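**Q** quick check, what structure comes out for this input:
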Amino acid sequence: MPIAGIKYDKNVRGIPTHVRIDLKRYGNNELLEDFLDGMEAENLRGGETITLDEFKKHMDKRVKKNV
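**A** Okay, the predicted model is just below:
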């Protein structure tokens, strides 16, 4: 059963490969936001990290520049 605002793109074999979501309809959906946050976190996995102390020093310098 089709869902309004949700479209499935299929490859030449008819296998679904992409989902298009109408953000005007579902953009304020908390579950969608959680899903997208999880995808972003997954993409950052294994990336560069810094310690909490390094982050605090960076933020202190940044705040001093804006004061």
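
**Q** I figured V19 hits G5, correct?
**A** No. Checked against Cβ atoms under 8 Å, the pair V19 and G5 is beyond contact range at 10.9 Å. (Each C-beta comes from the backbone N, C-alpha and C, glycine too.)

**Q** between those two, which one's more packed in?
**A** G5 (12 against 9; other Cβ atoms under 10 Å).

**Q** so who does the more buried one touch?
**A** I21, D22, K24, R25, Y26 (Cβ atoms under 8 Å, 6 or more residues apart in numbering).

**Q** can we see that at 7 Å?
**A** Shown in contact with G5 (Cβ atoms under 7 Å, 6 or more residues apart in numbering): I21, D22, R25, Y26.

**Q** relative to G46, how far out is it?
**A** 34 Å (Cβ to Cβ, to the nearest Å).

**Q** still on that earlier bit, inside strands: which ones of the contacts of G5?
**A** Residues from these lying in strands, with DSSP state E as the criterion: I21.

**Q** switch the contacts of G5 over to JSON lines; also include distance to D53.
**A** Below are the contacts of G5 laid out as JSON lines (distance: Cβ to Cβ, whole Å):
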{"residue": "I21", "distance to D53": "40"}
{"residue": "D22", "distance to D53": "44"}
{"residue": "R25", "distance to D53": "44"}
{"residue": "Y26", "distance to D53": "40"}
